[in-house]
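Asks: how would this look folded up:
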Amino acid sequence: MDLEIAAALKHGNYQEVALLIANLPPDDPWGQLYQAQLHEAQTEWESAESLYRELLRQGHVPKLALEARQGLQRLAQRQQEEQRDQTAQRQVQIARTVAQSGQGGLGVLILEALSPEVKAEVAPAFAHIMRLDLYSARLLLPSRGWRFYRTGAIGELQVYGQELQDSRVPSFWKSLEQVRQVKVHQACYFKTVQDPVQVVVTEAHSSKSPRVLSFKWSEVVQSVTGQLPIFEEVVDLDARGVLQRKEKTQDYAQFRDLHLPSGILRFYDAAYQFNQGVPLAADSSEPGTSWSNWRNLTALWQENLPDVRSWNEFSTFADTIIEQTDTLDRIDAHINLFRRAESYWDQAFHLYSSLAYLK
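Replies: Next comes the predicted model:
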């Protein structure tokens with residue numbers, strides 16, 4: 001029987017091999033070995049590996065264990081060869097993409113959220129593409145919001161991103177040049193709130209006087225909200241009673257970007273002139289607090305933009321990129337918050353909003 005199965009495997013008569021294996025008792029370990037070898041011959045790598053490993057765990061006679069171990073070695077060698085071939089093909093594709101489109105500039109690759117069920121299904125493919133172990137791949141795939149994954153040449157990111165999408169891993173990529181081209185209008189105050197809406201705005205890095213931006217509420221495609229921490233340096237006692245300086249979150253600046261065809265219309269509580277333009281409170285004779293003023297502004301948006309999509313998971317995204325200072329250094333935040341020390345939270349928010357705008 002052994003010789004018949006070996007000969008059938010050697011000549012690629014897989015139907016005959018399957019019939020011969022079926023005539024063996026189901027618990028025959030040699031039959032299980034032949035089944036593993038049949039899986040291997042038919043390039044069913046995962047099934048073959050599973051059976052080989054099971055045979056080794058069962059602790060059979062040395063000859064059978066040796067056959068199973070050699071089977072695993074062959075699979076490992078094939079996997080290494082396959083990875084080398086795929087890496088070489090990917091590098092050729094990257095070079096071709098960059099050469100054809102001139103996409104050598106830097107960009108970012110973003111992973112999108114998956115449900116736990118889908119994450120379990122696509123994690124092996126993600127691990128294979130990015131050359132990760134399965135445990136790390138599962139940790140990196142986000143369950144909510146966006147995860148910044150990598151900065152690199154946009155042509156390279158396009159190749160990786162396309163492979164991920166083909167494997168059902170939701171992702172997208174944008175160049176930093178695209179981010180730089182997004183126009184930002186900083187809102188000073190509403191002049192009118194009825195269509196056509198008029199907002200007095202200033203332009204980033206412009207010495208020109210404020211101007212009026214007009215639009216209809218129906219032109220707002222989506223909005224982006226976020227809270228940016230404001231830090232202060234405090235002096236505190238450590239566990240040994242020694243004075244030490246440390247950074248502490250003093251407050252949060254409130255932001256909302258409205259996305260229009262002409263660009264981003266940016267509102268934030270530190271820049272909006274609540275004492276100018278259309279009164280936002282029912283009783284405008286008394287100045288409100290910063291929080292009540294922002295709440296009134298929010299009510300205005302909710303009244304006029306009830307069905308507009310709002311991107312509101314900035315903090316989740318920020319946690320994945322705030323340490324990537326080389327990338328954030330290349331981004332102009334278009335934000336003029338008073339800060340005692342430089343912070344990358346401003347660039348992170350602008351990147352988040354711009355990615356939503358470009359998506």
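Asks: in the protein, which helix has the most residues?
Replies: Using DSSP state H to define each element, the chain has its longest helix at helix 62-101.
Asks: Mind listing what's buried along that one?
Replies: The neighbour-count check on helix 62-101 (16 or more other CB atoms under 10 Å) flags 64-65, 67-68, 71-72, 75, 93-94, 97-98 as buried. No exception for glycine: its C-beta is placed from N, CA and C like everyone else's.
Asks: Following element in sequence after that helix, please.
Replies: For helix 62-101, the following helix or strand on the C-terminal side (DSSP states H and E) is strand 106-111.
Asks: How far does the helix or strand in which residue 157 is found sit from its chain's centre?
Replies: Following DSSP H and E, the helix or strand that holds residue 157 is helix 154-166. Relative to its chain's centre, helix 154-166 lies at 13 Å (CA atoms, centre = their mean, to the nearest Å).
Asks: what's the answer for stretch 323-332, then?
Replies: Put simply, stretch 323-332 sits 16 Å off its chain's centre (CA atoms, centre = their mean).
Asks: shaky segments in this structure?
Replies: 1, 88, 97, 99-104, 204-206, 235, 237-238, 241, 282-287 (pLDDT under 70).
Asks: can you map out the strands along it?
Replies: In the chain, the segments counted as strands under DSSP state E are 106-111, 147-153, 171-175, 184-192, 197-203, 211-215, 222-237, 243-260, 263-268, 309-311.
Asks: Would you mind getting the angle between the third one and strand 106-111?
Replies: Here strand 171-175 runs at an angle of 160 degrees relative to strand 106-111 (axes from the mean of the first three to the mean of the last three CA atoms, to 10 degrees).
Asks: Please apply the same query to the fourth one.
Replies: Regarding strand 184-192 and strand 106-111, their directions subtend 70 degrees when assessed with the same axes, to 10 degrees.
Asks: about what we covered before: export the strands of the chain to CSV and tack on mean neighbour count and distance to residue 19?
Replies: CSV is the format used below for the strands of the chain (neighbours: other CB atoms under 10 Å; distance: least, CB to CB, whole Å):
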stretch, mean neighbour count, distance to residue 19
strand 106-111, 22, 47
strand 147-153, 19, 48
strand 171-175, 20, 45
strand 184-192, 20, 71
strand 197-203, 19, 77
strand 211-215, 15, 73
strand 222-237, 16, 61
strand 243-260, 16, 64
strand 263-268, 21, 67
strand 309-311, 16, 59
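Asks: Format those as TSV; extra columns: distance to residue 319.
Replies: Below are the strands of the chain laid out as TSV (distance: least, CB to CB, whole Å):
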stretch	distance to residue 319
strand 106-111	13
strand 147-153	9
strand 171-175	18
strand 184-192	24
strand 197-203	31
strand 211-215	33
strand 222-237	12
strand 243-260	14
strand 263-268	21
strand 309-311	16
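Asks: Which among those is found nearest to residue 334?
Replies: Nearest to residue 334 among those is strand 184-192; the distance by CB to CB comes to 4.1 Å.
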